[in-house]
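Engineer: task: produce atomic coordinates for the following.
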Amino acid sequence: NFDKNKKEEKMVKQTKAPEGNPQKFLKTGKVVVILQGKFAGRKAVIVRNVEEGKNRKYGHAIVAGINKYPKVAKKKYSATKLALRSRIKPFVKVINHNHMLPTRYALDVDLKSFINASVVSDPTKKKVASQKVKTVFQNRYLTGKNPWFFSKLRF
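Structural biologist: From the prediction side, this is the model:
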């Protein structure tokens with residue numbers, strides 16, 4: 001019984017941060033899979049994480065993700081066809097922590113400069129930010145970095 005308590009104590013020490021608070025793994029740049037709502041099954045990246053806000057009393061995050069993934073491109077396609085098939089339709093949204101599944105992947109893109117809480121609440125600002133996210137994501141896709149993020153989840 002004494003050994004069992006020691007093992008449990010060891011496990012608790014491994015999962016806790018040094019201060020005694022649980023480790024925070026939902027950080028900026030972490031890739032998540034949306035589990036609920038219109039964008040369920042879509043991949044997104046955390047732009048800003050909030051443990052508990054003023055107007056939302058639950059943990060949530062501002063995320064930017066891919067609504068429509070780029071299609072498969074073949075070598076024989078012309079440049080115009082490649083451009084059409086490599087288009088991405090993004091989304092920007094506030095999502096509850098319970099409605100997203102963190103992955104082991106991270107995306108090192110700077111989206112914080114043009115996405116914040118005021119952008120998400122105002123539809124016109126949200127549309128402009130969405131266009132900027134689209135250019136950032138498409139540039140990242142065309143360079144060939146983070147291929148897992150730009151492939152559709154099959155389930």
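Engineer: by residue count, what's the longest helix in the chain?
Structural biologist: Among the segments of the chain that qualify as a helix by DSSP state H, the longest is helix 123-143.
Engineer: and what about the most centrally placed residue in the chain, helix, strand or coil?
Structural biologist: What sits nearest the mean C-alpha location of the chain, by Cα atoms, centre = their mean, is residue 45, with 1.8 Å. Recorded secondary structure, residue 45: strand (DSSP: H, G, I helix; E, B strand; the rest coil).
Engineer: could you find the closest non-adjacent residue to it?
Structural biologist: Spatial nearest neighbour of residue 45, excluding adjacent residues (Cβ to Cβ, 6 or more residues apart in numbering): residue 107 at 4.5 Å. For every residue, glycine as well, the C-beta is placed using N, CA and C.
Engineer: pretty sure that neighbour sits against residue 32.
Structural biologist: No - using Cβ atoms under 8 Å as the test, residue 107 is too far from residue 32 to be in contact (10.3 Å).
Engineer: shared neighbours of these two, anything?
Structural biologist: residue 45 (Cβ atoms under 8 Å, 6 or more residues apart in numbering).
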